[in-house]
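Enquirer: sequence unknown, structure follows:
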């Protein structure tokens, strides 16, 4: 990171100004990527598993071991991808690794593994509240040896990336099945006829190119039946398995964000004077700095605990902890970045310190993979279930 | 508003997509402006005063009467300007009206009055914490019949507007004077040699064209001594007088923002279902809606009280209340817009509902005209001063 | 207040230490009460109404006029009662005045009017969540010319006061009626056989003698049918009418509490030094003082608006505003008193500055007359109803 | 805990009602204590150290090992003392163990070790802001072979316990020394002439008998020079060493408090219905439960990290983490207990569920051993110091 990535940041940004950011990749980026791969710093995110096979063998880092690496990479916007550790490919890779057939792996996973392609995950829809995933409407209809897909997705991150190869699409195969058996996941090559990138979606005015977020229209998109993942009606099952490790990655990036914001805040406050002393000496800032440090430490420890539980007792037994880090860290990060902005005055809302974009990127985490409220609902239900069959004390 | 402005919103945005937004104005805008002027709905912001003269007579609205109009206009981004009631021209106009010489009024104020020109106010500097205004470094040096100005300003809002005619610049005439007598304000035509618009400053990725915010370099900018406002060393005095009415305008726009956000939130929550009922029926949203309504009502009433005090006892006696609305309303608005975003899921952070830009515009209000902290300092000092010479009870 | 009540405070507290606080009243208290009555400062809380009759004529203060008086009285714990303006008698008086028969007024209201008796309002029950008032279980069964009452109430404030004469009891007359027609209110003399004061309930360790809060058991309590208020099934109707003015009174007392707490906080912070300056000069306290002042002003204005609406358009049209003050003011007061405690260090949690008891008294306001959540629910429903039949914009 | 302590709780409370709580101890308490000692569950709090000697050998639990025990004991108000692990004796014991002479240990530490005596720590003073410990005024003047002490202390916890044997008193030996060398600590037997317990201090109406908090007057209190701890001017040095482990104990008790409050909240919310469902199903409570669970987990992990650092790198290197748990946990605990109170309605503020007293006990933690603000100051300084000699990036 220090020897190669940090010095490349200004070059990356400089090169970005001279290219079509939606169609080309800054050359420095591919140089770094080649270097990372050559050194074996590649696909670090996959923990050891009994799914390892001819197509993939984990480098062997547990979630706990990977977490601090995710934090380090999370300090710089493009670093995860240099090491082929970027969302949503990590999640898609894991789905293929765990549930894919030999043929699916060969076709979709191997190029992803090698960093030759990228992918997208099409879940959320503009017409329904996707926080209740049962609402998802996209139709996946069997038609002979094919499935035909119709629907409209949005916030399909990476769908417009110049190297995006395929989508994993969630949709309804059987509206008459029980609530959690209606949905399936299917693999759709991006260049399939009927796939249209309707438009790009900005985030607080930022475009996140070349990755970006898209609205995608699926009209009579026909793929072979072999592209179904795991089997009809198993979409929820896959979704559950997919979420855990991604949460660790996202959360450790949140923590990186908080550390970056706190560092910038401290440096700024030390460098400026008001009313006869540095702003850092005003106690209103002492309180904010102290609370930021507390919240960062607590978030990191909670994330490491969740990672440890995933490593030792599995994703299912860790689901309360996984929900916790999704709830706690983004909210704390949002406040810390907001205070870093306040510490920078006008500089904070401009692009000079990167804080405004950091804020935008942090804000969306409270919405991606489900809004806070749905995780709070899930976590509270786990908590309340501890008292099943319990009487109120004294009653 | 309902008959003319609201229907023009989509036209305005459509026309904006076809022009160079930094150089041209959407035609619909000038049509609306001409109509407003013809109907006498023009310069509504200036309360009756004993400064009225041949150049300007107030239409006679008090601050209390103007406040709800400012709220109505504040619901739509470009509406204030249609009625020639936009910042920073309103503040600059008031400075000229109150402190300007006959010649200054003729040259600078009259075209502003008529909506032919726009202006900027150059106060904040990138190199110092401007929240302590004594830090301002720009030099204004007397040289024969001229003043020569050197310095760097930023967040000069409107400095790049195609119709921007002049700046009011705050800077130091006498570094050896007592702390509050060092600064002066001077009028600088934008086309004066030595004035350079260094760059545009975005706000969370939004550019606010054609108004915008700029970094402005002043290198040996020479203006006639007659351009000095009120006299050397009187910059703080002018700044104090300038702030009051602008606060009312800004705050009423904050309130408009909160109302717009709450309306969008309610409509959205009613239109979506999760877990068997509309999201509006989930009590976590009931709490947020209820608190938003409370906070909006309280903010509006506080703003109207401040306006009433300005109308009846004057800006100086109202300074505590003026500080209060600057502290309270933007913070509450930030939370309400944030919750409206949360209610919209991904739609909230995109440009589809205008909420992301609204958030950005709301966030900067906690920094413009001084950050929260400096107003809190001022207000707490007024509060503590009530107990001068007081003993602790019981001591 | 200044000439008579304030100087009496230490005497009141001194006398309280020498008597049985649950059975006797400090002599100074009755002296003040006699003086207040002699000067016509008596029953000030009743606004002009068309219910005035031979038993009572309002002194003529509107809610807006009474509100600042309620604030002034609210600064000292026993002051409201000196002027015969104390809860729950004010609400009970109003119920009798509005809905009582001639005989009910003669027997119950006249001694209350004259300050000879006190009363209690028995609504909340320990066995159900009374925030949904439909849960109330107490039975009121017709039996010939009588009603027979069975149930258990708690938080019956004032039920143990040495002068408490009667209760208004809410209970169920018809469990088969529609949800809002099951409950009735009935007058029960305290000395009726079957009434038992089971125990006293402390509030954070404070007893609130001689007023206090009680658990009351009602076992086969038999009262004449004439004691029914307004008619069977009209309990909710009476409850609605009863709440408005009480909210104003409670809220203005909350505001008094905030003012008292802020004053104590300021005085304390000015009187102490840490790290080379008074604590008041530490900016973390500047922020708290400033926000407290903002919140106090906003709360008072909101309360005055609610009072004004009650005076001009009536309690029903003012129900949103009445809900707002119930939601906003106690929560803000809780924070301000908590910060005042923090400012006093150990002194804050002891009885030396009265802040700990003030905190306890403030905390209960978020529960009395329904918890925050039920008012937030009601207010959000009024807000959402504005958009009935509305389409989401853009849909 | 489950077999002996939990079943004893009702007996303890029942016995407490029949004795003079300030003079006697409930018999069950001494029975439990004898049993704990017999089983070797005694003085568990002292980690292994190189100070072990003939007077004391640690049972060998590290801070990390002791922390969960402290949490378990913290669930029940009197449990810590059963195992001779109660504050402030733990801190006083550690001071004697680390810094005491042979004679001081023999006289003061041995009976404390054996649970025969209790002690108090006299630091805070009513006349100055003790959060800046340099303010402490109590005089300790050398007079021949004695020291003579004059001063007034308060919040001297346990000073009135029937078994209290001695105080450790902090006071000024040399007002002319440098700021952190003026203060000393000295051992004062409680029965020394000149020691007066002026009064008892309640906490939100609770008395905390038989432990309690006292104001103590020291008038010409004469003790032999041998009672000085470590040497004149070393009070700050001792205070620093004393604080670390106590923070772990206090924080783990805070965490116990949060767990107890959350459990009571969940049970209560499940047992009550409003508006057609249990209150636990209202999403406003889902959010509170979820956040409580997150905050509890994060607090516990942070405390364990601090304990681990103390065990491995020492109290001095762990001082940032020790400050963090003092800042974070009590504030979170305060909110959780407050929400548990809200969940219980009127029951929450009474003594029926123990929540009101729990709240009071939690609130004081934000003041004991220094208010939040002083720890935030210290922590922010450690944070800012990371950037010494640093330039602002980009400057």
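Expert: All right, it came through fine. Here the structure is a predicted model, which means the values were calculated and not measured.

Enquirer: quick one, what contacts residue A:84?
Expert: Residue A:84 sits next to A:33, A:36-37, A:42-43, A:113, A:115 when contact means CB atoms under 8 Å, 6 or more residues apart in numbering or on different chains. For the C-beta atoms, the positions are set from N, CA and C on the backbone; glycine is no exception.

Enquirer: same thing but at 7 Å, please
Expert: Applying CB atoms under 7 Å, 6 or more residues apart in numbering or on different chains to residue A:84 gives the contacts A:42-43, A:115.

Enquirer: and residue A:392, what pLDDT?
Expert: Predicted confidence (pLDDT) for residue A:392: 49.

Enquirer: how much space between residue A:82 and chain C?
Expert: Counting by CB to the nearest CB, to the nearest Å, the gap from residue A:82 to chain C is 39 Å.

Enquirer: Show the residue spans covered by the strands in the stretch 101-250 of chain A.
Expert: A:118-122, A:139-143, A:146-157, A:164-172, A:183-189, A:195-200, A:213-224 (DSSP state E, counting those that start in this stretch).

Enquirer: Quick one: mean pLDDT for the second one?
Expert: Read that as strand A:139-143. 98.

Enquirer: quick one, that strand and strand A:164-172 angle?
Expert: 90 degrees (axes from the mean of the first three to the mean of the last three CA atoms, to 10 degrees).

Enquirer: How many residues are close by residue A:21?
Expert: 18 (other CB atoms under 10 Å in any protein chain shown).

Enquirer: residue contacts, it?
Expert: So residue A:21 contacts A:209-210 (CB under 7 Å, 6+ apart).

Enquirer: Residue A:216 contacts residue A:153, doesn't it?
Expert: Yes - using CB atoms under 7 Å, residue A:216 is in contact with residue A:153, at 4.7 Å.

Enquirer: thinking residue A:341 is in contact with residue A:348, fair?
Expert: Yes - using CB under 7 Å, residue A:341 is in contact with residue A:348, at 3.3 Å.

Enquirer: hey, what's in contact with both of these two?
Expert: With CB under 7 Å, 6+ apart, residue A:341 and residue A:348 have common neighbours A:355-356.

Enquirer: Which residue lies closest in space to whichever residue of chain A sits closest to chain B, excluding its sequence neighbours?
Expert: Chain A approaches chain B most closely through residue A:205 (2.4 Å), counting by CB to the nearest CB. Leaving out its chain neighbours, the residue that sits closest to residue A:205 by CB to CB, 6 or more residues apart in numbering or on different chains is residue B:205, at 2.4 Å.

Enquirer: Now do the one you found, the pLDDT please.
Expert: 93.

Enquirer: quick one, phi/psi of it?
Expert: Backbone torsions for residue B:205, taken as degrees, to the nearest 10, come to phi 90, psi 0.

Enquirer: Check the contact between it and residue A:204; I expect there is one.
Expert: Yes - the criterion here is CB under 7 Å, and residue B:205 meets it with residue A:204 at 5.5 Å.

Enquirer: Those two: who's more crowded?
Expert: Remark: of residue B:205 and residue A:204, residue A:204 carries more neighbours, 26 against 20, as counted by other CB under 10 Å.

Enquirer: tell me the contacts of the more buried one?
Expert: So residue A:204 contacts A:360, B:204-205, B:349, B:356, B:360 (CB under 7 Å, 6+ apart).

Enquirer: list the contacts for residue A:23?
Expert: residue A:162.

Enquirer: Flag every residue of the stretch 101-250 of chain A that's near chain B.
Expert: A:124, A:129, A:131-132, A:154-155, A:201-206 (CB under 7 Å from any CB of the partner chain).
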